[in-house]
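pasting the structure only:
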């Protein structure tokens, strides 16, 4: 037998043995490997969609300084910023995850003197005559695991009829609220536990 043929047989034998071991390994552990790879994929997705955004939000709350140690103080600071037409500052008193959206909303309100006047009246009534209620619960988002929230609610009685519209299933409907109707006006706050300051939540 020539050396070349002998070497080829040895290499071929090694390859066959290696393939046998590989197929045996896959047969025994293949399902476990597939399951492990799927678990790794699911974990990567969870980290990207849940863990990383939550960590980013937590870091933002740790750096946040806009607000007061009392809900009343934050509301006063918010109103003061609005009176200065400083919507950039005013939006910073909202919870971190809502600031950009609320800044655009405030700009929309300030484009109309009627809406602007209503907003100041709403905030003043809630601040001066609102009933305060605070509670704690386990939250799934926002700052901290245990959320501490406060609400100021005032019952407002309409002095004149008002008409509003809403689009439902592609159709616009009008609703009329008669004079003398009672409405709950409220502003909600949540505590940023990292800085011990209150943020406007709604």
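Looks like it came in fine. Keep in mind the model is a prediction, meaning the values are calculated, not measured.

and residue 35, what element?
helix 3-46 (DSSP states H and E).

actually residue 190, not the one I typed
strand 182-192.

so what strands line up beside that strand?
strand 146-157 (antiparallel), strand 197-200 (antiparallel) (DSSP bridges).

quick one, which of those is nearest to residue 185?
strand 146-157 (4.8 Å; CB to CB). C-betas here are computed from N, CA, C, even on glycine.

and the contacts of the closest one?
71, 75, 125-127, 129-139, 180-191, 193, 198, 201 (CB atoms under 8 Å, 6 or more residues apart in numbering).

in it, what counts as buried?
For strand 146-157, the neighbour count (16 or more other CB atoms under 10 Å) marks 147-154, 156 as buried.

next: stretch 57-73.
Those would be 57, 60-61, 64, 66-68, 71-72, for stretch 57-73 by 16+ other CB under 10 Å.

can you give me the offset of it from its chain's centre?
15 Å (CA atoms, centre = their mean, to the nearest Å).

contact partners of it?
Residues contacting stretch 57-73 (CB under 8 Å, 6+ apart): 74, 76-77, 89, 92-93, 96-97, 127, 132, 141-143, 150, 152, 189, 192, 194-199.
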